[in-house]
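Undergrad: Mind folding the following:
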Amino acid sequence: MRWIGLVGLTTAATLALSAVGIPSAALFAGLVVAAALALAGRAPLPRGDKPPMPRAFGLAAQGVLGVYIGTLISPDTLSGLGSHWPAVVAVSFGTLALSVIGGALLGLHRQVDPLTGSLALVAGGASGLVALTRELGGDERVVAVIQYLRVAIITMSMPLVAIFVFDKSVSDGGGEFAGNTGNQWWGLLMLAVCMVAGYSLGHLAHLPAAGLLGPLIFSVAGQLLDITTSAAVPIILVQLAYAAIGWQAGLGFTRSSMIAIGKLLPLATALIVAIAAACAGMGALLSMWTGESMFDSYLATTPGGIYAVLATASATGGNIAFVVAAQMLRVLLMLFIAPFAARGYHWWLQRRHQARSRTLTPAS
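TA: The predicted model follows:
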């Protein structure tokens, strides 16, 4: 009965959030509903010493999400960069560096460990980062809350920046950005192959978060090789995957964890605003490097809220191909490189702590 209640409330919340344009509505709904039920003592109960949701469900959700993200990449999308791809890659790495620095500063807070802090502020692929946090040993509750805080701040500030900084009207342009809308039966076969092969080979290769990154690699490869461009992951499976990832994080909430996360929010908010401002500065550099307009370069370097970015580009008559390609490249780089960067930073801190401990320990 508790699972039925969780599913029913998540479905209703997803429909409501989708109606007002919240991105990844099922994940946000699953997170909020599961956390509310957990705090009220009405969530599904743990299975002995195991969490309420079986790990296999979480891995399946990661696989679906990885394949789905991969289908958003295509040769046509990346061709929108033209000869500007070196500049966009350089700026994307700059965004990653800013995220890692911001995460390191957040990790200095006594309420969060360095690994969780470094993942919480990575600017791109919020749902994917929440999905892989547990696999890397971080606290997905903290990552989920701060990642969605980042998306909310970026999404809400973007129209204001467009109107008051760049003097843009929201009715200048036409056209819309749409995801892959291919054959869903072919998509089911692609999903099965990418999930099984991607996870198996990723696990053998000791790939961080193999459940997400393994299928993602196979899905992107299929798109770029023009093997799976006519396939589409059924949207119902994508929504279920989002919800499962939200449940996985939300069911772990307790009153003490909510209090601890609440103490993090002022620092996290300040760091998010600082990263967004620095990325806007890199957008100005990108404009000078490539010759694209200052506004399009701002949209191309905005650290999050990708669907709001693309909607804004469309509504203001911006260079949608350039913005789409730059944003997709940023998300891919974040999802592939951030786990290695976060794990490497965590390993360095551990080695430093061990070295300091040996120095402070008196010789016997």
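Undergrad: How about the secondary structure of residue 229?
TA: Put simply, residue 229 is coil when judged by DSSP: H, G, I helix; E, B strand; the rest coil.
Undergrad: Can you tell me how far residue 239 is from residue 15?
TA: Distance, residue 239 to residue 15, using CB to CB, to the nearest Å: 10 Å. C-beta coordinates here come from the backbone N, C-alpha and C atoms, glycine included.
Undergrad: Of the two, which one has the most company?
TA: Counted by other CB atoms under 10 Å, residue 239 and residue 15 do not tie: residue 239 has more neighbours, with 21 against 12.
Undergrad: Is that one in a helix, a strand, or coil?
TA: Per three-state DSSP, residue 239 ends up helix.
Undergrad: Tell me the pLDDT of it.
TA: With respect to pLDDT, residue 239 has a value of 88.
Undergrad: was I right about it contacting residue 14?
TA: Yes - between residue 239 and residue 14 there is a contact under CB atoms under 8 Å: 6.8 Å.
Undergrad: shared neighbours of the two, which are they?
TA: Residues touching both residue 239 and residue 14 (CB atoms under 8 Å, 6 or more residues apart in numbering): residue 26.
Undergrad: any low-confidence regions in the stretch 1-150 of the chain?
TA: 21-24, 48-49, 77-78, 80, 124-128, 131 (pLDDT under 70).
Undergrad: Which secondary structure element is home to residue 13?
TA: With elements taken from DSSP states H and E, the one containing residue 13 is helix 2-19.
Undergrad: which other residues reach that helix?
TA: The contact list for helix 2-19, computed with CB under 8 Å, 6+ apart, reads 25-26, 28-30, 32-34, 37, 42-45, 239, 243, 246-247.
Undergrad: Show me where the stretch 151-300 of the chain has its strands.
TA: Remark: strands of the stretch 151-300 of the chain are absent; assignment by DSSP state E, counting those that start in this stretch.
Undergrad: which residues in it form helices?
TA: Along the stretch 151-300 of the chain, the stretches classed as helices by DSSP state H, counting those that start in this stretch are 184-204, 210-224, 235-250, 255-290, 294-301.
Undergrad: Can I get these in TSV including distance to residue 90?
TA: Shown next, in TSV, are the helices of the stretch 151-300 of the chain (distance: least, CB to CB, whole Å):
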stretch	distance to residue 90
helix 184-204	28
helix 210-224	21
helix 235-250	31
helix 255-290	8
helix 294-301	11
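Undergrad: if we can go back for a sec, filter the contacts of helix 2-19 down to just the buried residues.
TA: Among the contacts of helix 2-19, the ones that count as buried by 16 or more other CB atoms under 10 Å are 25-26, 28-30, 32-34, 37, 43-44, 239, 243, 246-247.
Undergrad: Now the two most distant members of the residues you listed.
TA: 25 and 44 (21.4 Å; CB to CB).
Undergrad: for the stretch 151-300 of the chain, what are the low-confidence residue spans?
TA: Within the stretch 151-300 of the chain, the segments meeting pLDDT under 70 span 169-181, 208-209.
Undergrad: rerun that using 80 as the cut-off
TA: 151-152, 155-156, 158-160, 163, 168-182, 206-210, 212-213, 249-250, 252-258, 260 (pLDDT under 80).
Undergrad: pretty sure residue 193 contacts residue 219?
TA: No - counting by CB under 8 Å, residue 219 is not a contact partner of residue 193; they are 9.7 Å apart.
Undergrad: Look at these two and report which has more neighbours.
TA: residue 219 (28 against 16).
Undergrad: which ones are touching the more buried one?
TA: Here residue 219 is in contact with 66-71, 190, 194, 198, 228 (CB under 8 Å, 6+ apart).
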